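[1] give me coordinates for this.
(chains A, B, C and D)
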Protein chains: 2
Amino acid sequence: MAKKVTIATVAKYAGVSRQTVSNVLNSPEVVREETRRKVYEAVEALGYRVSQAARQMRTGRSRLIATRIESTGDGINGSVLDRFLHALTESAAQNGYRVLLYTAADDDAEIATYEDLLGTYKPDAFVLASTHHRDTRTTWLAERRLPFVTFGRPWDAPDRHLWVDVDGAAGTEAATRHLLEAGHERIGFLGWPAGSGVGDDRRQGWLRAMAAAGQDPTGLDHACPDEVPAAEAVVGELLGRDPVPTALVCASDSLALGALQASRALGRPLAVTGFDDTPVARAIGLTSVSQPLEEAAARCVRLLTRLLDGEAEAKESVLLRPSLVVRDTTYPPSEQSRSGHSP
Amino acid sequence: MAKKVTIATVAKYAGVSRQTVSNVLNSPEVVREETRRKVYEAVEALGYRVSQAARQMRTGRSRLIATRIESTGDGINGSVLDRFLHALTESAAQNGYRVLLYTAADDDAEIATYEDLLGTYKPDAFVLASTHHRDTRTTWLAERRLPFVTFGRPWDAPDRHLWVDVDGAAGTEAATRHLLEAGHERIGFLGWPAGSGVGDDRRQGWLRAMAAAGQDPTGLDHACPDEVPAAEAVVGELLGRDPVPTALVCASDSLALGALQASRALGRPLAVTGFDDTPVARAIGLTSVSQPLEEAAARCVRLLTRLLDGEAEAKESVLLRPSLVVRDTTYPPSEQSRSGHSP
DNA sequence: TTGAAAGCGCTAACAT
DNA sequence: ATGTTAGCGCTTTCAA
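    Predicted structure coming up:
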């Protein structure tokens, strides 16, 4: 077993005092160049690494960012948060932080976890995803002036805290415009029941594009829970009624998949766009709105580090633009799209 | 800002010494019942929580389990590891551990991360997923006698370490039997190119079931990279040749989806089974082999805690049985399966 | 620029 | 059964 190498070991090896080593590590500019070099060499040679626990005892900072890992639920959209989490872990590491995970069944349980974590591991900050109306978590954290960033806008009281989000409305607007340009006349929307921040935002984008094109959205706005079978049922019924929409902008890839299945089952052509560019969309060749998750995660970390360094500027919150990934999804598939899939 | 409550605060509040509080926390049985109760009350009243950093300085244990979050790749199968990670986080928490995340591009990068982590955050143990042939990570950790468990068998040198895995061969065997019982005669296999532990294992299950049924597998074994379009291409070609398989056991839901798409595009019926029961399988009604991930995660944590408590018994490694989730995937969909999807 | 001393909160060993 | 002492590895005064 390798002997433990502490700051003292390094000091001895480099022929300086323990203090000097600490200085080199924490404020290098205060140490003479040559000494610094010697210390760095010793660190290298011995493979020294600062003990977080010891450092934390002195400084009170853990260099830990806590975040929740959600249960994947329906799953198709769950992959979005997983990708975000991956990107967050990477960005955090690049900035000298590590990500600590927890689970929670609901907001209250999550708040209870904050209390526990803050007493034990003392994470320097939290990253919250899936913000929603009447989000008690942000209130709780804000009241205690704890550092945190949300991935997702505050849907009620704007700007009580830092956040990063993706402009969902811009995404559905782009999708709608794309369908308009492809010559579609009756473009419907399939979203979630009104009342969810994200869902309503995505509906707005569709409405905006329709208005801009002088189209009447009346009777074209549909909603159901975010599940494939539910969407399939709704769209199945839809396709049996007159007038039939020729295209459908969906609030998620789950809904889009359901819509597509309904159209296939009934043999009625329907152009469909999804949201989140999930693996499924990629797999089945579905046009979908793609969120810049790596960018979002990086921004979260950046806001957090600045916040922790006291450089928090109130209005640094970020709204990112998504992009539209266009794929061929006419049904039945054209020869062209088929061949596009072959290696 | 709430004043910091340490063990001393609790001691004063309860009218005992600091040590007694520590005893109550760490070896309650050594303290008189009444004193214990007083201390618990004080802890409760003050909302006291032990500082991990301080405890770690004394005990050398961080109560942290480190694990890698993988980039989702193709994504359809990625969701499996995400679910495992979620379950791991939950099991860990139930046992007083937290999960620390890291990313790594390959084995070497991962080993470098071990070195860093062990020097800084000092996780008590690692959980590795996606074991493969010539896995240098397990060797590195084992050589240093560091505590770890893998989710996935050691595919080369068996039993140099603790592991938990799911019997993939049993899964594909069950899938094959299911198809045989449904009356299929020519049941093919679509897997990954030979050489991957997991892939070869799943192929074995199919072979076993075929042999048991007295079927000749010659010419029915196919392989391609684990991507939907690749599978689509392979199966597309397959369906144009004589003799055509009537069913296909696939090594993943990605492959199964590709197979299904090919069969639909060509209008040739084909029964398909997938592996992992991913959200996609659920969404499109695909029969698939389901891994007991919660159970697997719980077993990992259990092995780890025992290992850390020195109760490590060499051969406690666990091979879990998957289950077959049967869904109706004939094409075109029968009335029955349709209606099953409606709410 | 470098060194010496103190203490963060906890627990293991020992003493009462 | 309870209290006292010491020290984990680090950084922050303060002094040299």
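
[2] quick check: residues of the stretch 1-150 of chain A near DNA strand C?
    Of all the residues in the stretch 1-150 of chain A, those in contact range of DNA strand C (Cβ under 7 Å from any atom of the strand) are A:16-20, A:23, A:30-32, A:35, A:54, A:57-58. Bear in mind the C-beta positions are built from the backbone N, C-alpha and C, glycine included.

[3] give me the PyMOL select line for those, limited to the buried ones.
    Selecting only the buried members of those in PyMOL, with burial defined as 16 or more other Cβ atoms under 10 Å in any protein chain shown, works like this:
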select buried, chain A and resi 16+20+23+31+35
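
[4] mind picking the two most distant members of the residues of the stretch 1-150 of chain A next to DNA strand C?
    Considering Cβ to Cβ, no two members of these lie farther apart than A:32 and A:57, which are separated by 28.7 Å.

[5] report pLDDT for the residue nearest in space to the middle of chain A.
    In chain A, the centroid-proximal residue (Cα atoms, centre = their mean) is residue A:84; its distance is 4.3 Å. At residue A:84 the predicted local confidence, pLDDT, stands at 96.

[6] what kind of secondary structure is it in?
    When the structure is split into helix, strand and coil by DSSP: H, G, I helix; E, B strand; the rest coil, residue A:84 lands in helix.

[7] burial count for the residue lying closest to it once chain neighbours are set aside?
    On the basis of Cβ to Cβ, 6 or more residues apart in numbering or on different chains, the spatially nearest residue to residue A:84 that is not a chain neighbour turns out to be residue A:293, at 4.8 Å. Other residues near residue A:293 number 23, with proximity taken as other Cβ atoms under 10 Å in any protein chain shown.

[8] with adjacent residues omitted, what lies nearest to residue A:133?
    Of all residues not flanking residue A:133 in the chain, residue A:155 sits nearest, at 5.0 Å (Cβ to Cβ, 6+ apart).

[9] isn't that neighbour right up against residue A:132?
    Yes. With contacts defined as Cβ atoms under 8 Å, residue A:155 counts as touching residue A:132 at a distance of 6.4 Å.

[10] list the contacts of the residue nearest to residue A:84.
    A:80, A:83, A:84, A:87 (Cβ atoms under 8 Å, 6 or more residues apart in numbering or on different chains).

[11] considering those residues, which possesses the most neighbours?
    Compared across the contacts of residue A:293, residue A:83 has the highest neighbour count, 25 neighbours, by other Cβ under 10 Å.

[12] mind checking how far the closest residue to that residue other than its chain neighbours is from DNA strand C?
    Spatially, and ignoring its direct neighbours in sequence, residue A:83 is nearest to residue A:293 (4.9 Å; Cβ to Cβ, 6+ apart). Distance check for residue A:293 against DNA strand C: by Cβ to the nearest atom of the strand, to the nearest Å, it reads 37 Å.

[13] so how far is DNA strand D from residue A:293?
    Counting by Cβ to the nearest atom of the strand, the gap from residue A:293 to DNA strand D is 33 Å.

[14] just give me the neighbour total for the residue lying closest to residue A:56 once chain neighbours are set aside.
    Beyond its immediate neighbours in the sequence, the residue positioned closest to residue A:56 (Cβ to Cβ, 6+ apart) is residue B:53, lying 4.2 Å away. As a burial measure, residue B:53 scores 21 neighbours (other Cβ under 10 Å).

[15] who touches residue B:53 in this structure?
    Contacts were defined as Cβ under 8 Å, 6+ apart; by that measure residue B:53 touches A:52, A:53, A:54, A:56, A:57, A:62, A:122.

[16] now the fifth one. Nearest residue, chain neighbours left out?
    Pointing back at residue A:57 there. residue B:53 (5.3 Å).

[17] give me the secondary structure label for residue A:128.
    Here residue A:128 is recorded as strand under three-state DSSP.

[18] got a list of what it touches?
    Taking Cβ under 8 Å, 6+ apart, we find residue A:128 in contact with A:67, A:68, A:137, A:138, A:141, A:148, A:149, A:150, A:151, A:152.

[19] enumerate the beta-bridge partners assigned to it.
    For residue A:128, the beta-bridge partners are residue A:150 (DSSP bridges).

[20] where's it relative to DNA strand C, distance?
    Distance of residue A:128 to DNA strand C, given as Cβ to the nearest atom of the strand: 27 Å.

[21] and the pLDDT for that residue?
    We have a pLDDT of 97 for residue A:128.

[22] what of the one 4 residues further on?
    Per-residue confidence at residue A:132 stands at 93 (pLDDT).

[23] burial of it, as a residue count?
    For residue A:132, the count of nearby residues is 17 (other Cβ under 10 Å).

[24] how about residue A:269?
    Counted with other Cβ under 10 Å, residues neighbouring residue A:269 total 14.

[25] pLDDT weak spots in chain A?
    In the predicted model, chain A carries pLDDT under 70 at residues A:1-3, A:73-75, A:314, A:329-343.

[26] mind running it again at 50?
    Applying pLDDT under 50 to the predicted model, the residue ranges of chain A that meet it are A:1, A:331-343.

[27] how about the helices in it?
    Ranges of helices in chain A, per DSSP state H, are A:7-14, A:18-26, A:33-46, A:52-59, A:78-94, A:107-120, A:136-143, A:168-181, A:197-212, A:228-238, A:253-266, A:279-284, A:293-308, A:335-341.

[28] so can I have a markdown table of those showing distance to residue B:223?
    Compiled in a markdown table, the helices of chain A are given as follows (distance: least, Cβ to Cβ, whole Å):
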| stretch | distance to residue B:223 |
| --- | --- |
| helix A:7-14 | 53 |
| helix A:18-26 | 52 |
| helix A:33-46 | 46 |
| helix A:52-59 | 46 |
| helix A:78-94 | 26 |
| helix A:107-120 | 45 |
| helix A:136-143 | 47 |
| helix A:168-181 | 37 |
| helix A:197-212 | 40 |
| helix A:228-238 | 29 |
| helix A:253-266 | 27 |
| helix A:279-284 | 19 |
| helix A:293-308 | 32 |
| helix A:335-341 | 18 |
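
[29] and of those helices, who's closest to residue B:11?
    Between residue B:11 and the helices of chain A, the tightest spacing by Cβ to Cβ is seen for helix A:107-120, at 16.7 Å.

[30] name the helices or strands packed onto that closest one?
    Based on contacts counted as 3 or more Cβ pairs under 8 Å, 6 or more residues apart in numbering or on different chains; DSSP states H and E, the elements that helix A:107-120 packs against are strand A:64-68, strand A:98-102, helix A:136-143.

[31] so residue A:187 touches residue A:181, yeah?
    No. Residue A:187 sits out of contact with residue A:181 when judged by Cβ under 8 Å, with a separation of 11.1 Å.

[32] comparing the two, which residue is more hemmed in?
    For residue A:187 and residue A:181, the more surrounded residue by other Cβ under 10 Å is residue A:187, and the numbers stand at 26 against 9.

[33] mind checking how far the more buried one is from residue A:169?
    In this structure, residue A:187 lies at 15 Å from residue A:169, with Cβ to Cβ, to the nearest Å as the measure.

[34] DNA strand D contacts on the stretch 201-343 of chain A?
    Residues of the stretch 201-343 of chain A found near DNA strand D (Cβ under 7 Å from any atom of the strand): none.

[35] just the closest residue of the stretch 201-343 of chain A to DNA strand C, please.
    Shortest the stretch 201-343 of chain A-to-DNA strand C distance, computed as Cβ to the nearest atom of the strand: residue-wise this is residue A:308, at 19.2 Å.

[36] hmm, that residue is touching residue A:147, no?
    Yes. The pair formed by residue A:308 and residue A:147 meets the contact definition of Cβ under 8 Å, at 5.8 Å.

[37] mutual contacts of the two, please.
    Jointly contacting residue A:308 and residue A:147 under the rule Cβ under 8 Å, 6+ apart are A:124, A:125.

[38] for stretch A:60-74, buried residues please.
    Along stretch A:60-74, the positions that meet the burial threshold by neighbour count (16+ other Cβ under 10 Å) are A:62, A:63, A:64, A:65, A:66, A:67, A:68, A:69, A:70, A:72, A:74.
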